[in-house]
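[1] Sequence and predicted model, in that order:
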Amino acid sequence: MPAQVITITSGKGGVGKTTAVANLAVALAADGSKVVCIDGDIGLRNLDVILGLENRIVYDIVDVIEGRCRLKQAMIRDKKLPELYLIPAAQTRDKNAVSSSDMIRLIKDLRSDFDFVLIDSPAGIERGFKNAIAAADRVFVITNPEVSAVRDADRVIGILEAEEKGPASLIINRLNPLLVKNHDMLSAEDVLDLLAVELIGIVPEDETVIIGSNRGAPVAYDPKSKAGQAFRNIAKRMKGETVPFLDLGAQSTLWGRIQRLAGRK
Amino acid sequence: MSFFDRMFGKKKSADSAKERLQLVLIHDRTDLTPAELDSLRDDLVATISRHVEIDVQAMQIGVEHDGRSQRLVADIPLKAARRKTRKTK
């Protein structure tokens, strides 16, 4: 079966795109899928450090596009998961080194060899973002329960619809259940209500994410991490399984409503 | 939120966030500023008034959303008809 090509984007920077790509890639590969992830943030590469593969880079995506190496040479195999690969971004070039048709061509060559191609989009709604969504079959928009992130997510969802890449699926990242309980953070239900898209995952705020990034070991490896569990659940949903959303300690009625909103009940 | 905030009914911050976002998103999605909406309202009043008398004070116009689609909703009450009612003998 040809690969599903999924781009993860957000509009606003710093909401967890790269962390999500790394964790979903790990969770999918650990569950037996062949996965390649592509760092689409040319000039500001980071997916390599989050995956702990920064020392293995020889060639990057721009080298492939400009013909300095073959595609296989730029694909870095993960240290632990033999079915997980990374195509790193170029660090010394800018987004203009890649075009949408370059991305489409490159991904066409990957489709037959993988189950999932995950693309880490840069922040913003400009060329790098357009390149990142050009070849996507599906787009995940990731946001935090916070005004500026939700506003930017809404803008991106609108653009995806206009570009016929919609409907987007939503990941709500860094939800703090205690703040939500005190009504000092937008709940997942509030965010869904505002953005009116399908929910694919809720990831709680979790300090293990930072510890994992320090070590270059995404939390999806960590069986005890709540965020890791949330990412593993998203990976299962990507494979078509029905997995209930994590109960993060909020009232059960709320969760019932979220599940209804997400069409899972 | 402190006990005193609660006592005096201060709004929880998540509620403010949601209300503010609802307004911002309507304008972001429609590209319609409040000033443009006012001018649209004035044009509507002028056009409709040429045909029928309306209650301008009670008129309401706004953007509502249903899922991700936006809808311009106008509620325009008509004034009691001025035409003479034919009296039957």
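    Received it, and whenever you're ready, just let me know what you need.

[2] From here on, just use CA atoms for contacts and neighbour counts.
    Will do.

[3] where along the chain do the strands fall?
    You didn't say which chain, so I picked chain A. Counting by DSSP state E, chain A has strands at residues A:4-9, A:35-39, A:76-77, A:84-87, A:116-120, A:138-143, A:169-175, A:198-204.

[4] my question was about chain B
    Ranges of strands in chain B, per DSSP E, are B:60-66, B:69-75.

[5] Reformat these into JSON lines and put distance to chain A next to each item.
    Below are these laid out as JSON lines (distance: least, C-alpha to the nearest C-alpha, whole Å):
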{"stretch": "strand B:60-66", "distance to chain A": "9"}
{"stretch": "strand B:69-75", "distance to chain A": "9"}
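
[6] Using a markdown table, lay out those together with distance to A:S33.
    As requested, the strands of chain B are exported to a markdown table (distance: least, C-alpha to C-alpha, whole Å):
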| stretch | distance to A:S33 |
| --- | --- |
| strand B:60-66 | 38 |
| strand B:69-75 | 37 |
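
[7] Now mean neighbour count and mean pLDDT too, for these, in CSV please.
    Output for the strands of chain B, formatted as CSV (neighbours: other C-alpha atoms under 10 Å in any protein chain shown; pLDDT from 0 to 100):
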stretch, mean neighbour count, mean pLDDT
strand B:60-66, 13, 83
strand B:69-75, 12, 87
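
[8] before we move on, the earlier item: would JSON lines of the strands of chain A with distance to chain B, mean pLDDT and mean neighbour count be doable?
    Formatted as JSON lines, the strands of chain A follow (distance: least, C-alpha to the nearest C-alpha, whole Å; pLDDT from 0 to 100; neighbours: other C-alpha atoms under 10 Å in any protein chain shown):
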{"stretch": "strand A:4-9", "distance to chain B": "19", "mean pLDDT": "98", "mean neighbour count": "25"}
{"stretch": "strand A:35-39", "distance to chain B": "29", "mean pLDDT": "98", "mean neighbour count": "26"}
{"stretch": "strand A:76-77", "distance to chain B": "40", "mean pLDDT": "98", "mean neighbour count": "19"}
{"stretch": "strand A:84-87", "distance to chain B": "35", "mean pLDDT": "98", "mean neighbour count": "26"}
{"stretch": "strand A:116-120", "distance to chain B": "25", "mean pLDDT": "98", "mean neighbour count": "27"}
{"stretch": "strand A:138-143", "distance to chain B": "14", "mean pLDDT": "98", "mean neighbour count": "25"}
{"stretch": "strand A:169-175", "distance to chain B": "13", "mean pLDDT": "98", "mean neighbour count": "23"}
{"stretch": "strand A:198-204", "distance to chain B": "11", "mean pLDDT": "97", "mean neighbour count": "23"}
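
[9] Which one of those strands lies nearest to A:N96?
    The minimum distance between A:N96 and those falls on strand A:35-39, with 14.8 Å, by C-alpha to C-alpha.

[10] which helices and strands does that closest one pack with?
    Packing partners of strand A:35-39 (3 or more C-alpha pairs under 8 Å, 6 or more residues apart in numbering or on different chains; DSSP states H and E): helix A:17-30, strand A:84-87, strand A:116-120.

[11] Partner strands of it, with direction?
    strand A:84-87 (parallel), strand A:116-120 (parallel) (DSSP bridges).

[12] follow-up on the earlier one: just so I know, which of the strands of chain A lies nearest B:S13?
    strand A:169-175 (15.1 Å).

[13] Now distance to A:V150 too, for the helices and strands packed on strand A:35-39, in JSON lines please.
    Converted to JSON lines, those look like this (distance: least, C-alpha to C-alpha, whole Å):
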{"stretch": "helix A:17-30", "distance to A:V150": "14"}
{"stretch": "strand A:84-87", "distance to A:V150": "29"}
{"stretch": "strand A:116-120", "distance to A:V150": "19"}
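
[14] Alright, calling it a day.
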